[in-house]
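[1] Need coordinates for the following:
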Amino acid sequence: INQTWTPLYSLVNIFDVFLPQLLQYPNPDDPLNGEAAALMMKSKDEYLSKIREYVRQHATPAPTSAGDAEDDPMSDMSELSAADGNDDMDLDME
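    Numbers count the residues shown, from 1 in each chain. Got it, this is the predicted structure:
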């Protein structure tokens, strides 16, 4: 994609075709991450294990529990508004 730009490379094409292909079939000969490329070429099993580890750490949603809402200061904003009977839309401007 970095060699010649054409209208074929619209954002839709990049997100729907180019990026999924790049993620499915990475090119270790022209890497963005040299360490990952070297590991891929040296040991495919270690490379795949590292990918699984990174996905677990960075791309897996954290489990939520009822206690999580208590730690979020924004979670009780709607409760405060409902409890005091004030609604921002009902303000009397004189």
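[2] Report the contact partners of Lys42.
    Shown in contact with Lys42 (CB atoms under 8 Å, 6 or more residues apart in numbering): no residues. For the C-beta atoms, the positions are set from N, CA and C on the backbone; glycine is no exception.
[3] Please report the distance of Lys44 from Lys50.
    Remark: distance between Lys44 and Lys50 (CB to CB, to the nearest Å) = 11 Å.
[4] higher neighbour count, these two?
    Lys50 (15 against 10; other CB atoms under 10 Å).
[5] which sections of this structure are below the confidence cut-off?
    In the predicted model, the chain carries pLDDT under 70 at residues 1-3, 66-94.
[6] can you give me the helices in it?
    Assigned by DSSP state H, the chain shows helices spanning 11-13, 19-24, 34-42, 44-58, 66-71, 77-84.
[7] Which elements pack onto the fourth one?
    In terms of contacts (3 or more CB pairs under 8 Å, 6 or more residues apart in numbering; DSSP states H and E), helix 44-58 is packed against helix 34-42.
[8] Ignoring the adjacent residues along the chain, who's closest to Ala36?
    Nearest in space to Ala36, with sequence neighbours left out and distances taken as CB to CB, 6 or more residues apart in numbering, is Tyr47 at 7.1 Å.
[9] quick one: Glu53 from Pro26, how far?
    Taken as CB to CB, the span from Glu53 to Pro26 is 17 Å.
[10] more crowded one of those two?
    Counted by other CB under 10 Å, Glu53 and Pro26 do not tie: Pro26 has more neighbours, with 17 against 10.
[11] Might one say that that one is in contact with Leu39?
    No: if you go by CB atoms under 8 Å, Pro26 and Leu39 don't touch, sitting 11.1 Å apart.
[12] Mind listing the shared neighbours of these two?
    Contacts common to Pro26 and Leu39, judged by CB under 8 Å, 6+ apart, are absent.
[13] So which of the helices of the chain has the densest surroundings on average?
    Counting by mean count of other CB atoms under 10 Å, helix 34-42 has the highest mean neighbour count of the helices of the chain, with a mean of 14.
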